[in-house]
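*Asks:* no sequence on this one, just coordinates:
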């Protein structure tokens, strides 16, 4: 926001004096605007498509009267702005219409497939953090030497490889040739439907039901797609960890810690990394959001019944309700995670709390 | 990148290119370009990237002459031959088409997509960013809010939704990618504009009576260009990967066009027995995006030493 001169300064001071509630209100407002924009985009996409929504409901051979009646019933005869408001009202009440493919409400479908994506993205993020953070630390400590170059190269490969291809090659090697992991899907077919659905996350549900065999089967199914996906977050996380660490390693407190006689291990892994954790948490939240994107292609390759798989299949069947509903949900989660990373930063970093923005 | 000009060098081209007292604007520009090139040339990885990109361009230009076969002519007697078979260096696919030839022709599609995105998205982002940054006020708020909204979507999912609405095809894929990739450029251009707009030379131009559009187009945009170009080079790998992803999903180039992502998609059916059908186009995508990434990193280090570390 650009306000000039003293009024701006005055207003800023006023803003920070009533920080808490005001900031929250402003955050909520900007969130609301973003959401509205999101819906506007999906609405426009829904309107420019060449498929006639009425025709897809009544079928090719419907008479003119039926066609007109349906058109009216669907509210498509009203002005576009009214249609938009109707659309927002529907979405806010969780009504995305019916899927042509499954002939169930889209929202139910999404609730059913979303845990699968969540499960995949979570395991992938865990893997990415587990390997990415140490890799970044090692790279920073050895800046310019060979470990640094190797980490950089691994990251660069991650940014350059088509994820669906990496998935296919993983299937070829680890499933086809070595037979170390299970193939596509979430479970072997004879385990399907045994565990009662509680959370929708099979790794948790199987443990809750006391079925360790199913748990191991699910784990052997998830490990490959999660590794492929995790590789991408590893590339990002290790790069960010490295640059945060470099910043800390140049600080004077590092020397103080060494002078105190602390071991190099403690200096780096406790003191420096400890300070890096704050910005790192936000990076991890962001990479989690980015995995939503990578998961679309990964889910296709591994026939993983998550939201990416759902959207793509709906798309190929010209099932627009499902596509747009899925897009809105993914967008909402994405915005939510971005917001979460912002909030986490404020919670963990005292400077961000007291300073303005 | 030796640039010829109407100035005749006094003592050799090198002396002219490294002159510390350029005679004209054109000369100064040549010197600057040459020095930039020198710092880029010192970086072996960036040179490797440049070589890969040049090979890609050469392959696209020369495809009809260097490809051993026609990319879409089928030969069912020679289907699914492994790499190294006599006459088919990289093997053949399920319809007996030579994979090497298809890759070479496919480079044209890849370059075409990249070129189309590059002439649209950064330009749009540059316009939005400079206008928002220079104008300030409500225009800035509206434009940046719009940018944020587009950034709030995961790119591939939004591109998917666009392609779903527009219908599959290579032009629509390009449009979808362009529509989803302009916001970062707008952000960069705006940030640059904010630092430029209060500088003295802009005030001087304004006092001379230049209009706002003239200042933005003639003086602000050129200064934002270098950071946008660096970002574009870094993004090209992402563009290639997104285009390949759309092709893989069957939403980009349509068969029988030899698009690399679509080739992987057909190769998927034979992945366990005839791995090369999917592996080869993937390697091509990987190599090309690696090349663009290396070149982009090098360009960033050469043009903007602050950003890279």
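*Replies:* Yes, it's here. Bear in mind that the values here come from a model prediction, so they are computed numbers and not experimental data.
*Asks:* for the chain, what's the longest helix?
*Replies:* Let's take chain A. helix A:212-249 (DSSP state H).
*Asks:* that's the other chain; I wanted chain B
*Replies:* Max-length helix for chain B by DSSP H is helix B:99-135.
*Asks:* which residues in the stretch 201-309 of chain B form helices?
*Replies:* Shown for the stretch 201-309 of chain B, the helices assigned by DSSP state H, counting those that start in this stretch span residues B:212-215, B:221-248, B:260-267, B:276-303.
*Asks:* and those, which is most packed in?
*Replies:* A comparison of the helices of the stretch 201-309 of chain B by mean neighbour count, using mean count of other C-beta atoms under 10 Å in any protein chain shown, puts helix B:260-267 on top with a mean of 26. Any C-beta I mention is one placed from the backbone N, CA and C, and that applies to glycine too.
*Asks:* For my notes, confirm residue A:265 occurs in a helix.
*Replies:* Yes: Residue A:265: assigned to a helix according to DSSP: H, G, I helix; E, B strand; the rest coil.
*Asks:* Local confidence estimate at residue 50?
*Replies:* Using chain A. Reading off the confidence values, residue A:50 has pLDDT 62.
*Asks:* hmm, I had chain B in mind actually
*Replies:* 93.
*Asks:* What helix or strand is it located in?
*Replies:* helix B:44-66 (DSSP states H and E).
*Asks:* ok, back up a step: report the inter-axis angle for the longest helix of chain B versus helix B:276-303.
*Replies:* Interaxial angle of helix B:99-135 relative to helix B:276-303 (axes from the mean of the first three to the mean of the last three C-alpha atoms, to 10 degrees): 40 degrees.
*Asks:* Helix B:99-135 and chain A in contact?
*Replies:* No: Helix B:99-135 does not reach chain A (C-beta under 8 Å from any C-beta of the partner chain); its nearest approach is 9.4 Å.
*Asks:* show me the contacts for the residue of chain B most remote from its centre.
*Replies:* For chain B, the largest distance from the centre (C-alpha atoms, centre = their mean) belongs to residue B:77, which lies 39.0 Å off. Residues in contact with residue B:77 (C-beta atoms under 8 Å, 6 or more residues apart in numbering or on different chains) are residue B:96.
*Asks:* quick one: it from chain A, how far?
*Replies:* Here the criterion is C-beta to the nearest C-beta, to the nearest Å. By it, residue B:77 lies 26 Å from chain A.
*Asks:* quick revisit: can you give the distance from the helix holding residue B:50 to the centre of its chain?
*Replies:* 14 Å (C-alpha atoms, centre = their mean, to the nearest Å).
*Asks:* Is that helix positioned near chain A?
*Replies:* No: against chain A, helix B:44-66 shows no contacts by C-beta under 8 Å from any C-beta, the least distance being 8.9 Å.
*Asks:* Could you check how far residue B:266 is from chain A?
*Replies:* Taking C-beta to the nearest C-beta, one finds residue B:266 at 12 Å from chain A.
*Asks:* so that residue makes contact with residue B:102?
*Replies:* No: Residue B:266 is beyond contact range of residue B:102, at 10.5 Å (criterion: C-beta atoms under 8 Å).
*Asks:* For residue A:97, list the residues it contacts.
*Replies:* Per C-beta under 8 Å, 6+ apart, neighbours of residue A:97: A:90, A:105, A:106, A:321, A:325.
*Asks:* re earlier: what touches both of residue B:266 and residue B:102?
*Replies:* residue B:93.
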